[in-house]
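>>> What follows is a predicted protein model with its sequence.
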Amino acid sequence: MTPTEPTPPLVQVEDLSVYFDAGRAGFWGQERLKVHAVEGVNLEIRAGETLGLVGESGSGKSTTGRAILRRVPVSSGRIWFRGKEITHAGREEIRGLSRHMQLVFQDPYASLNPRLKIIDIVAEPLIVHGLVKNLHEAAAPVARLLARVGLPADAGARYPHAFSGGQRQRIGIARALALKPEFIVADEPVSALDVSIRAQVVNLLQDLQAEYDLAYLFIAHDLAVVRHISHRIAIMYAGKIVEIAGRDQIYDAPVHPYTEALLSAVPVPDPPVQRARRRIAYSGEAPDPLHPPVGCRFQSRCPLVSQQCREKTPPLAERQSGQWAACWNR
Ligand SMILES: Nc1ncnc2c1ncn2[C@@H]1O[C@H](COP(=O)(O)OP(=O)(O)O)[C@@H](O)[C@H]1O
Ligand code: SF4
Ligand SMILES: [Mg+2]
């Protein structure tokens, strides 16, 4: 590598598609059904960077994150981590990758085994990866992790039911951090939490990012949550990225009508800014993931729809430096 050559992104995804088998249809079962969960997704995440991934429920956000972590099979496309292709990584390689890439789950109530003490939960990855020999050796590193995420000193000896939602999410974060990963998929980490404690958890993730040079794929279903933590934001609709840009570009000068619709739902403290924002109201049904339409997937809800939108898929094209959008009429 020459000195002027940029280092490769930490995570690189090219033309990723994930389809789930959904059985057969038709009188003779002649039609094989598949859920078009993710289709043709391209993205990059650099070391220490947060890419926000935003879209409504069912748009393919979790599947994208899990595909990168190699937790769901990739139907087509390619994925690289630290410049090495991992699209077809086998079981052993995926186990090794889990030292570097971790998942923080959406639901802190469902993701912690209720029968295990917190020390067992947080020590497990350390023991599985052979970094400590037993629970006794794990005690000190686990105590440090629990303190770092702001939990009380006796937390390790207690069971998940003793903790609030916000504290459980801190436990999940401590477990994800145990192996000192470089990349975390945070899948709606605050969606299940009370509004009053969301900011605390987001701030913790932000502090940890600075401390450990962590990169995040931070998933959320609305734009309000990702604003402060994201460097760039990708907007997903019905399995596709419809806009990807720097954080300020998304908030101040969105291109895609769906991005605008999501933004109209975000309260702005400054009334003139709120008034100046183009308001996009959309109605209608989301496309059927088993039979997505030809052309733009937002067509059934878009106030700007034209004939071309029903015939051809708009490509994700660069509009401003670093701002890409897929729309024929913007
Ligand atoms: N394991 C699975 N089997 C079948 N369909 C799935 C599976 N996981 C997700 N899906 C479907 O894929 C689509 C995208 O889901 P998901 O990635 O969970 O969306 P999001 O995280 O944005 O809510 C949805 O239609 C969902 O029902
Ligand atoms: S391509 Fe057409 S339907 Fe799709 S977002 Fe743009 S204007 Fe709307
Ligand atoms: Mg999800």
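Cool, got the structure. The structure presented is a predicted model; accordingly, all values stated were derived computationally and were not measured. Ligands and ions are numbered 1, 2, ... in the order given.
>>> Three-state assignment for the closest residue to residue 168 other than its chain neighbours, please.
In space, residue 168 comes closest to residue 108 once its chain neighbours are excluded; the distance is 3.6 Å by Cβ to Cβ, 6 or more residues apart in numbering. (Each C-beta comes from the backbone N, C-alpha and C, glycine too.) On the three-state scheme (DSSP: H, G, I helix; E, B strand; the rest coil), residue 108 is labelled coil.
>>> how much space between residue 108 and residue 57?
Distance, residue 108 to residue 57, using Cβ to Cβ, to the nearest Å: 18 Å.
>>> what about the two, which has more around it?
Under the neighbour definition other Cβ atoms under 10 Å, residue 108 and residue 57 were set side by side, and residue 108 has more, 25 against 10.
>>> So the residue lying closest to residue 292 once chain neighbours are set aside versus residue 293, what's the distance?
Sequence neighbours aside, residue 36 is the residue nearest to residue 292 in space, at 5.1 Å (criterion: Cβ to Cβ, 6+ apart). When distance is defined by Cβ to Cβ, residue 36 is 11 Å away from residue 293.
>>> same question, residue 110
Using Cβ to Cβ, residue 110 is found at 34 Å from residue 293.
>>> Name the residue in those two with the higher neighbour count.
Taking other Cβ under 10 Å, residue 110 and residue 293 do not tie; residue 293 has more neighbours (15 against 10).
>>> can I assume that one is in contact with residue 302?
No: at 11.6 Å, residue 293 does not count as touching residue 302 under the criterion of Cβ atoms under 8 Å.
>>> Tell me if I'm right that residue 215 and residue 45 touch.
Yes: contact status for residue 215 versus residue 45: in contact at 5.1 Å, counting by Cβ under 8 Å.
>>> Return every residue with contacts to both of those two.
Listed as contacting both residue 215 and residue 45 by Cβ atoms under 8 Å, 6 or more residues apart in numbering are 10-11, 51, 183.
>>> Would you tell me which residues of the stretch 1-150 of the chain are close to ligand 1?
Counting by Cβ under 6 Å from any ligand atom, the residues of the stretch 1-150 of the chain close to ligand 1 are 20, 35, 37, 55, 57-63.
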